[in-house]
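>>> pasting the structure only:
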């Protein structure tokens with residue numbers, strides 16, 4: 001055989017091998033990494049504030065239920081704002097929607113750090129929620145659209161950013177909060193400036209990335225909820241968020257730790273959340289399927305919350321339960337996000353907005369309800385009620401299993 005023929009055969013073999021080579025999670029464009037790092041910084045904001053909740057209550061002479069309104073206003077505005085994110089991003093582009101969200105977060109978190117009353121702080125957190133809605137919904141859609149490694153791997157990358165941000169946030173929040181409760185708010189503003197610079201330098205405009213996006217209507221998210229599969233995931237997430245935000249917003253009040261102590265506990269929670277969302281969730285999905293794995297994780301989370309409700313006054317039990325919950329929540333976050341992206345034949349940004357609208361309604365009601373339940377009854381009740389809502393979400397998924405069982409087949413055929 002001539003050298004020319006051998007060369008042709010060799011190049012043909014290499015080409016075939018390249019075609020069969022699985023797309024790598026780490027082989028992403030500069031634009032994807034720009035959004036990834038900005039997402040880490042954005043999600044630091046959630047965990048950054050957590051260790052200072054008791055300190056805010058003390059310094060601003062507020063009750064725990066009033067302080068939990070910081071999560072309620074944040075999530076309520078996020079839920080409503082999710083309905084307009086698609087309309088905005090389809091008109092000004094992904095990059096400028098992300099940058100707008102970052103600017104809004106920076107301004108309102110800075111004003112929050114300078115405020116002197118609980119009600120002003122609650123209102124400013126609502127403004128923060130608006131910025132976060134623009135950023136979060138668009139960041140997920142951006143990573144999925146720009147990634148060349150498939151939907152599942154793109155979502156794992158997004159959840160990795162979420163996990164890293166949430167895990168580092170509490171540690172930084174505890175350090176800054178030990179100086180002053182205002183520190184984490186001002187810290188978020190500073191980090192947002194860094195994220196803004198990173199995105200504006202590293203992320204090309206939409207057109208240069210070849211992303212064509214038709215203008216979406218404000219009614220599109222509501223139309224999307226006509227798909228029973230998407231509605232099922234949205235309602236189940238709203239129910240499960242009662243447990244999630246009971247743990248996040250109320251648990252710091254029963255731990256009896258200072259800002260640094262709370263920072264380290266939620267650091268452990270965030271690390272397990274990050275590790276499982278990236279490494280364990282895809283394996284569970286592969287071995288058992290998305291729906292079965294999701295129901296198993298939610299059931300385990302309900303049992304963890306129940307144990308917190310029974311042994312509320314035993315500090316080490318609460319600490320261990322919070323950290324273990326990170327592992328369960330990391331798995332569930334990746335599983336349900338993947339399921340939502342594959343649930344209906346609609347634009348992913350629209351699916352994300354519709355799902356997030358329902359999800360954050362649960363996140364808005366849950367924190368305040370947890371604080372009030374403790375005031376009305378005792379500190380055990382919020383965790384027990386949270387566990388009941390999480391089990392209710394499992395039941396709702398199982399009742400509608402015939403509407404959602406297709407999500408694994410969609411990903412397999414991607």
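Good, I have the coordinates. Just so it is clear, the structure is predicted and the values come from calculations on it, not from any experiment. Numbering: from 1, shown residues only.

>>> any weak-confidence spans in the stretch 301-414 of the chain?
For the stretch 301-414 of the chain, applying pLDDT under 70 flags the ranges 409-414.

>>> list the contacts of residue 366.
Residue 366 is in contact with 71, 241-246, 249, 386, 389, counting by Cβ atoms under 8 Å, 6 or more residues apart in numbering. Using the backbone N, CA and C atoms, a C-beta is placed for each residue, glycine as well.

>>> now with 10 Å, please.
For residue 366, the contacting residues are 68, 71-72, 75, 238-250, 382, 385-386, 389, by Cβ atoms under 10 Å, 6 or more residues apart in numbering.

>>> helix, strand or coil for the spatially most central residue of the chain?
With distances taken as Cα atoms, centre = their mean, the chain has residue 162 as the residue nearest its mean C-alpha position (5.9 Å). Three-state call for residue 162 (DSSP: H, G, I helix; E, B strand; the rest coil): helix.

>>> residues contacting the nearest residue to it once chain neighbours are set aside?
Leaving out its chain neighbours, the residue that sits closest to residue 162 by Cβ to Cβ, 6 or more residues apart in numbering is residue 43, at 5.1 Å. Counting by Cβ under 10 Å, 6+ apart, residue 43 touches 132, 135-136, 139, 161-169, 270.

>>> now for residue 300, how many residues are close by?
A total of 18 residues lie near residue 300 under the criterion other Cβ atoms under 10 Å.

>>> wait, it touches residue 331, no?
Yes. Taking Cβ atoms under 10 Å as the definition, residue 300 is a contact partner of residue 331 at 8.9 Å.

>>> can you show me the helices along the stretch 251-400 of the chain?
Along the stretch 251-400 of the chain, the segments classed as helices by DSSP state H, counting those that start in this stretch run 251-255, 259-275, 281-288, 290-310, 315-341, 348-376, 381-399.

>>> need those helices in a markdown table with distance to residue 39, can you?
A markdown table is the format used below for the helices of the stretch 251-400 of the chain (distance: least, Cβ to Cβ, whole Å):
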| stretch | distance to residue 39 |
| --- | --- |
| helix 251-255 | 24 |
| helix 259-275 | 12 |
| helix 281-288 | 17 |
| helix 290-310 | 22 |
| helix 315-341 | 13 |
| helix 348-376 | 14 |
| helix 381-399 | 25 |
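
>>> and those: which comes nearest residue 219?
Checking the helices of the stretch 251-400 of the chain against residue 219 by Cβ to Cβ gives helix 348-376 as the closest, at 10.4 Å.

>>> can I assume the residue nearest to the centre of the chain is in contact with residue 45?
No. At 11.6 Å, residue 162 does not count as touching residue 45 under the criterion of Cβ under 10 Å.

>>> state the phi and psi torsions of the residue nearest to residue 162.
When quoted as degrees, to the nearest 10, the phi and psi of residue 43 stand at phi -80, psi -10.

>>> next one: it from residue 280, what distance?
Separation of residue 43 from residue 280 (Cβ to Cβ, to the nearest Å): 19 Å.

>>> kindly report the same for residue 335.
To residue 280, residue 335 is 10 Å away according to Cβ to Cβ.

>>> cool, residue 46 as well?
Counting by Cβ to Cβ, the separation of residue 46 from residue 280 is 21 Å.

>>> of these two, which one has the most company?
A direct count of neighbours by other Cβ under 10 Å for residue 46 and residue 280 places residue 46 higher, at 21 against 17.
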